[in-house]
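Novice: sharing a model that was predicted from the sequence below.
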Amino acid sequence: MIGSDGRPRVTEAHSLDGDGARLFEGADHGGVALSFFLTDTPPGGGPRLHVHPYPEVFVVQQGTAAFRVGEATIEASEGQIVVAPPGQAHTFTNAGHRPLRMVTLHPSDRVVTDWLTE
């Protein structure tokens, strides 16, 4: 966050109700052209199938995730990165037995999501 005096400020991502994720949207912090989620997904958990008009980048920090990106199924674990291209339907599931921790990057000042039915 940039203060009115142009100096950097410390800020926090906002907690989302009940899903173990925190959200930072750049538009709320001086118009930064990046948004991201800090996720902590329980085993078996994950979002519904969805799509964005920009790429979404998943950085796996802990655990194992099973991704569906278009028709492809991809498994990724700690230290690996998965990119869902713009306009490509995608989702993930925590495929492990411990919490899945990821940072998901959205190159936009707001998260723009179209939720799909499977």
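Specialist: Looks like it arrived, so ask away.
Novice: leaving out chain neighbours, which residue sits closest to residue 20?
Specialist: Leaving aside its sequence neighbours, residue 20 sits nearest to residue 40 (Cβ to Cβ, 6 or more residues apart in numbering; 4.0 Å). The C-beta positions use only the backbone N, C-alpha and C, and glycine is treated the same way.
Novice: quick one: pLDDT of the one you found?
Specialist: Turning to residue 40, the model gives it a pLDDT of 95.
Novice: which elements pack onto the helix or strand hosting it?
Specialist: Assigned by DSSP states H and E, residue 40 belongs to strand 35-41. Identification of packing neighbours for strand 35-41 by 3 or more Cβ pairs under 8 Å, 6 or more residues apart in numbering; DSSP states H and E yields strand 21-25, strand 100-106.
Novice: mind listing what's buried along the longest one?
Specialist: Within strand 100-106, the residues that count as buried by 16 or more other Cβ atoms under 10 Å are 100-102, 104-106.
Novice: in TSV: these, plus distance to residue 28.
Specialist: Below are those laid out as TSV (distance: Cβ to Cβ, whole Å):
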residue	distance to residue 28
100	26
101	23
102	21
104	17
105	16
106	13
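Novice: now the residues you listed as JSON lines including pLDDT and distance to residue 21?
Specialist: Output for the buried residues of strand 100-106, formatted as JSON lines (pLDDT from 0 to 100; distance: Cβ to Cβ, whole Å):
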{"residue": "100", "pLDDT": "97", "distance to residue 21": "11"}
{"residue": "101", "pLDDT": "97", "distance to residue 21": "10"}
{"residue": "102", "pLDDT": "97", "distance to residue 21": "9"}
{"residue": "104", "pLDDT": "98", "distance to residue 21": "9"}
{"residue": "105", "pLDDT": "98", "distance to residue 21": "13"}
{"residue": "106", "pLDDT": "98", "distance to residue 21": "13"}
